[in-house]
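J.: Sequence first, predicted model second:
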Amino acid sequence: MSDEWDVFGSDDEESTNEEDHYLSTSDCTRASLLTFEKISDAIATISTQKFIKKNRSVPIRQRYFGVAGSDADEEVEMMTFKDTLRRKMEQRGMNVIMVNDSQTLFDGASIQRSFHLDHNNTLKCKTASDLFLQEKSLRKNLANGGILFVTTRIIHDEGELESSTSREWKATDILAQWKADAKGEHLAFTKAVWDLENAEISYSDISSGSHSSYTICITKRSCTINTQSCKWKTNQKKVPKSFNNDDCTEETWIDYERRILESATISQSIHEQKNKHLATESIDNAVKSLQTHGFVVLPGLFRHSTEQIGMIEEWTKAVLDDFDAATQILKDEQNVDVLNPGSGSDPLSYREMAMREDFRVDLRDGPRMKEIRLAMEEKDKKALQSLGFTATVTATDDGEGTMPTIIDTLNDERELEINKDGLSSLRYNPFVLEITRKLQNPQALDNSSREGVGRQPLYKGNFGRWNFSGSGPNGSPQPLRVGQIGSVISLPGAADQCVHADTPHICELYDCLPCHYTNLFIFGEDQSENENTSNGTSNLDYDGNFTGGNLIGGTAFVAGSHRLSVTAELTDDKGISASGAAENTQNEMHMRIIRPSLQLGDAIIFDTRILHFGLANRNRMENRGAGLRRPMLYVNMTHAWFFDPKNWDNKQSIFDMHTEK
């Protein structure tokens with residue numbers, strides 16, 4: 001364990017001789033030094049435990065921890081605490097960086113301040129104002145899902161010591177005192193970005209009459225929810241205790257939503273981000289989320305390089321160019337005005353574009369999109385080759401034969417090797433393919449899960465595979481059909497979509513067979529550059545973190561509804577849940593709705609049997625520009641034997657109308 005994780009630090013006695021450290025420091029009392037040692041030990045231990053629990057695939061020596069740097073006017077004691085903390089964290093093997101105003105990213109971080117407590121029990125900040133910028137940098141550059149330790153040293157002024165009241169502070173009380181600037185006009189910690197509900201006091205020392213110390217551990221949310229949508233989903237309603245089978249305090253709908261979204265989001269460590277890689281455990285957790293919730297959020301999966309961002313932006317521009325051309329042709333040739341529903345003939349579904357409802361269309365083809373497919377063909381081929389895949393062009397290829405759509409997936413016994421070529425494709429992202437492969441081809445982990453230990457694995461009985469895949473009953477994953485890149489475009493004025501599922505279950509005897517059809521969504525819009533309300537309020541907090549609030553919409557999911565039993569209960573006409581609780585099923589449906597708020601390059605994979613719907617695009621109608629039209633890129637992935645022809649086959653071509661003229 002210690003060799004793998006390096007959590008016990010170096011054997012060098014000079015680095016661990018704390019008695020010498022005490023003797024060499026003359027500016028602090030021994031009592032303060034002991035307190036600093038205890039706080040630092042607590043931070044080192046808790047951060048190690050949380051990192052290992054979150055992802056054992058990333059060793060401690062590959063974790064990055066930030067500590068606010070010293071300021072010339074800062075108290076000597078607080079400067080000494082930072083030195084002690086750095087020493088403790090480095091002993092654990094972490095990469096510790098003392099931050100002044102750095103853009104370095106961190107898995108964990110520590111900030112600290114001194115406060116004076118007056119006779120009214122009011123805290124007044126004593127920390128030098130220059131350190132606010134360092135705190136801001138640390139909070140901004142802490143990875144989503146990262147942990148932050150907030151150490152607060154409360155000091156009683158000598159003249160007010162006798163009149164001040166002793167008090168044991170709660171975590172939320174202390175965090176509320178941390179303002180983001182010296183004037184105290186901005187809150188540093190908002191519920192949108194930080195998990196305030198589960199903030200914990202990691203260490204407290206209230207034994208001294210002149211001062212007390214608290215260290216709070218708080219997590220930065222892995223993904224934010226879009227609270228600007230579904231205004232009826234307020235924080236006033238409570239989740240019934242019977243629903244969670246828990247005797248603890250009832251959650252609100254919003255707290256429940258944030259908890260489920262956190263569980264369904266795979267936040268990457270800094271090591272994974274730097275190496276453009278998803279660790280094995282991250283991939284396995286993504287599969288578990290799909291099996292449990294029906295969807296998984298992968299923040300920043302396509303944001304690790306300028307090349308990936310460039311591809312998304314190029315695709316997005318092509319989609320919007322083709323949409324503009326298509327709408328103009330329909331208006332000129334068919335008297336169909338997509339931008340002004342009801343003013344002309346009713347729109348139909350065409351070969352290149354399916355009409356979902358007013359102001360929302362599904363665009364799969366067009367001249368510019370075909371150009372990019374051809375331009376990307378070489379990169380896509382290299383990506384497949386680098387991953388060891390073989391590919392076959394089929395008669396049902398939906399890209400007119402420009403790229404293969406049936407690929408053989410990796411054998412379980414072969415290691416997934418990632419290189420630059422493998423990451424150069426949006427359509428064949430290796431991690432998306434690996435998650436899909438594992439989701440659609442589950443196997444029993446071992447024979448011990450069945451009666452009769454030592455029996456042959458079940459897949460060895462699948463003898464019919466000699467006829468269909470040629471590989472025989474060897475347990476290798478079935479071939480995968482990968483569709484072409486398309487886009488769902490939401491225009492200003494689009495309302496909330498009707499709740500729906502994209503594909504039916506193929507068997508109604510069992511609650512949930514393994515998934516056979518998944519969809520990848522890649523968000524093609526930078527939310528942080530848009531306004532989130534009609535009065536122009538920013539959707540960033542004071543530190544520059546994305547709060548999730550926006551009016552441009554997104555996709556919402558009904559958690560767990562990929563299971564027949566859940567959807568059957570939620571859509572029961574009786575209006576009473578099967579559990580017998582006096583809760584209307586409509587309320588439970590609303591409670592289960594999860595609204596991830598994504599940014600450019602974020603991805604979602606979902607089981608297409610799950611209930612979901614597009615959120616309204618409520619951006620101001622007068623600003624109907626490219627930046628306010630929400631293009632969501634998508635890729636369909638199914639078992640090779642399954643083909644979904646909806647909306648596309650034998651439809652009239654929009655662009656043929658124009659050429660025929």
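T.: Right, received. Where do you want to start? Numbers count the residues shown, from 1 in each chain.

J.: in the stretch 101-250 of the chain, which spans are helices?
T.: Taking DSSP state H, counting those that start in this stretch, the helices of the stretch 101-250 of the chain run over residues 131-141, 171-177, 241-244.

J.: I'd like these laid out as a markdown table, including mean neighbour count, mean pLDDT and distance to residue 210.
T.: C-beta here means a position set from N, CA and C on the backbone, and glycine is covered the same way. Below are those laid out as a markdown table (neighbours: other Cβ atoms under 10 Å; pLDDT from 0 to 100; distance: least, Cβ to Cβ, whole Å):
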| stretch | mean neighbour count | mean pLDDT | distance to residue 210 |
| --- | --- | --- | --- |
| helix 131-141 | 21 | 87 | 23 |
| helix 171-177 | 17 | 85 | 18 |
| helix 241-244 | 14 | 68 | 44 |
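
J.: Can you tell me which of those is nearest to residue 388?
T.: Within the helices of the stretch 101-250 of the chain, the stretch nearest residue 388 is helix 131-141; the backing value is 36.2 Å (Cβ to Cβ).

J.: domains in the protein, as residue ranges please.
T.: 2-221, 251-302+494-643 (automatic domain parsing).

J.: any low-confidence regions in the stretch 201-350 of the chain?
T.: Within the stretch 201-350 of the chain, the segments meeting pLDDT under 70 span 207-209, 242, 244-249.

J.: Let me see the ranges of the strands in it.
T.: 211-219, 224-225, 295-298 (DSSP state E, counting those that start in this stretch).

J.: can you tell which of these is closest to residue 376?
T.: So among those, strand 295-298 is nearest, using Cβ to Cβ, at 20.8 Å.

J.: hmm, back to that, okay if I get the strands of the stretch 201-350 of the chain as TSV plus distance to residue 478 and mean neighbour count?
T.: Listed next are the strands of the stretch 201-350 of the chain as TSV, based on distance: least, Cβ to Cβ, whole Å; neighbours: other Cβ atoms under 10 Å:
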stretch	distance to residue 478	mean neighbour count
strand 211-219	38	22
strand 224-225	35	26
strand 295-298	21	27
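
J.: First-to-last residue distance for stretch 467-475?
T.: Taking Cα to Cα, to the nearest Å, the first and last residues of stretch 467-475 lie 15 Å apart.

J.: who wins for proximity to residue 124 among the helices of the stretch 101-250 of the chain?
T.: Closest to residue 124 of the helices of the stretch 101-250 of the chain, according to Cβ to Cβ: helix 171-177, at 9.1 Å.

J.: Just put the strands of the stretch 201-350 of the chain in TSV and tack on distance to residue 511.
T.: Below are those laid out as TSV (distance: least, Cβ to Cβ, whole Å):
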stretch	distance to residue 511
strand 211-219	33
strand 224-225	28
strand 295-298	18
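
J.: So for residue 628, which of those strands sits nearest?
T.: Using Cβ to Cβ, the nearest of these to residue 628 is strand 224-225, at 19.9 Å.

J.: Check which helices and strands the closest one sits against.
T.: helix 253-263, strand 596-597 (3 or more Cβ pairs under 8 Å, 6 or more residues apart in numbering; DSSP states H and E).

J.: Just say which of the ones you listed is most tucked in.
T.: Among the helices and strands packed on strand 224-225, the stretch with the highest mean neighbour count (mean count of other Cβ atoms under 10 Å) is strand 596-597, at a mean of 27.

J.: OK, contacts around residue 357?
T.: 494, 495, 497, 498 (Cβ atoms under 8 Å, 6 or more residues apart in numbering).

J.: Could you identify which of the residues you listed has the most neighbours?
T.: Counting neighbours by other Cβ atoms under 10 Å, the top entry in the contacts of residue 357 is residue 494, with 24 neighbours.

J.: separation between that one and residue 344?
T.: Per Cβ to Cβ, to the nearest Å, residue 494 is found 19 Å from residue 344.

J.: Endpoints of stretch 588-604, how far apart?
T.: 23 Å.

J.: Could you check how far it is from the centre of its chain?
T.: With Cα atoms, centre = their mean, to the nearest Å as the basis, stretch 588-604 stands 9 Å off its chain's centre.

J.: Neighbours of residue 179, how many?
T.: A total of 16 residues lie near residue 179 under the criterion other Cβ under 10 Å.

J.: I'd say it and residue 136 touch.
T.: No: the pair residue 179 / residue 136 is not scored as a contact, 11.4 Å apart, by Cβ atoms under 8 Å.

J.: mind checking how far residue 588 is from residue 113?
T.: Distance from residue 588 to residue 113, by Cβ to Cβ: 44 Å.

J.: Equivalent analysis for residue 374, please.
T.: In terms of Cβ to Cβ, residue 374 sits 58 Å off from residue 113.

J.: Kindly report the same for residue 598.
T.: Taking Cβ to Cβ, one finds residue 598 at 34 Å from residue 113.

J.: which one of these two has more residues nearby?
T.: residue 598 (27 against 23).

J.: Kindly state the beta-bridge partners for the nearest residue to the more buried one once chain neighbours are set aside.
T.: Computed as Cβ to Cβ, 6 or more residues apart in numbering, the closest residue to residue 598 that is not its neighbour in sequence is residue 523, at 4.0 Å. Counting by DSSP bridges, residue 523 is bridged to residue 632.

J.: Pretty sure residue 599 is one of the things residue 523 touches, is it not?
T.: Yes: using Cβ under 8 Å, residue 523 is in contact with residue 599, at 6.5 Å.

J.: The top strand by length along the chain pairs with which strands?
T.: Ranked by number of residues, the top strand in the chain under DSSP state E is strand 142-156. In the sheet, strand 142-156 lines up against strand 106-117 (parallel), strand 211-219 (antiparallel) (DSSP bridges).

J.: could I get these as CSV with distance to residue 145?
T.: Formatted as CSV, the strands paired with strand 142-156 follow (distance: least, Cβ to Cβ, whole Å):
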stretch, distance to residue 145
strand 106-117, 9
strand 211-219, 7
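
J.: Looking at the ones you listed, which is nearest to residue 39?
T.: Short answer: strand 211-219, nearest of these by Cβ to Cβ, at 5.2 Å.

J.: Appreciated, that's everything.
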